[in-house]
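Undergrad: Kindly generate the corresponding structure for this input.
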Amino acid sequence: MKAIWNNTVIAESNDTVVIENNHYFPAESIKKEFFKPSSTHTTCPWKGKASYYTVAVDGKENTDAAWYYPETSELARTIKGKIAFWKGVTIEE
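TA: Purely as a prediction, here's the structure:
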């Protein structure tokens with residue numbers, strides 16, 4: 001699977017986990033040069049507290065377009081530390 005934004009592959013892995021129609025990519029599969037930490041956090045009642053990254057490619061930024069759970073509930077342990085995308089990031093095979 002590939003995560004693509006602004007015509008650039010920002011993550012690629014054959015080992016994603018799908019939860020609620022979102023592909024969660026292993027942390028080591030992202031291209032770190034395109035990711036900037038964000039101060040945004042949200043809470044999911046069953047997964048835990050999410051942290052975000054802003055994706056930056058070729059001078060354009062997509063604020064909080066990637067999220068991950070540094071710590072998860074027991075129910076969501078398969079996505080601990082994995083990264084998912086939204087806000088115009090497309091996922092393709």
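
Undergrad: okay, Gly81: pLDDT?
TA: Gly81 is assigned 86 on the pLDDT scale.

Undergrad: measure it to Ala27 for me?
TA: Distance of Gly81 to Ala27, computed by C-beta to C-beta, to the nearest Å: 5 Å. Using the backbone N, CA and C atoms, a C-beta is placed for each residue, glycine as well.

Undergrad: Mutual contacts of the two, please.
TA: Tyr68 (C-beta atoms under 8 Å, 6 or more residues apart in numbering).

Undergrad: any idea how far stretch 3-20 is from the chain center?
TA: 8 Å (C-alpha atoms, centre = their mean, to the nearest Å).

Undergrad: What residues sit buried inside it?
TA: Using 16 or more other C-beta atoms under 10 Å as the test for burial, stretch 3-20 gives 3-6, 10-11, 13, 16, 19.

Undergrad: and which of the residues you listed is nearest to Tyr68?
TA: Ala11 (11.4 Å; C-beta to C-beta).

Undergrad: Quick check: the closest residue to Val18 other than its chain neighbours vs Trp46, distance?
TA: By the measure of C-beta to C-beta, 6 or more residues apart in numbering, the closest residue to Val18 outside its immediate chain neighbours is Tyr24, 7.4 Å from it. From Tyr24 across to Trp46, the span is 14 Å (C-beta to C-beta).

Undergrad: Can you get me a residue count around Ser73?
TA: Ser73: 14 surrounding residues under other C-beta atoms under 10 Å.

Undergrad: I'd say it and Gly48 touch.
TA: Yes. Contact criterion C-beta atoms under 8 Å: Ser73 and Gly48 qualify, at 5.2 Å.
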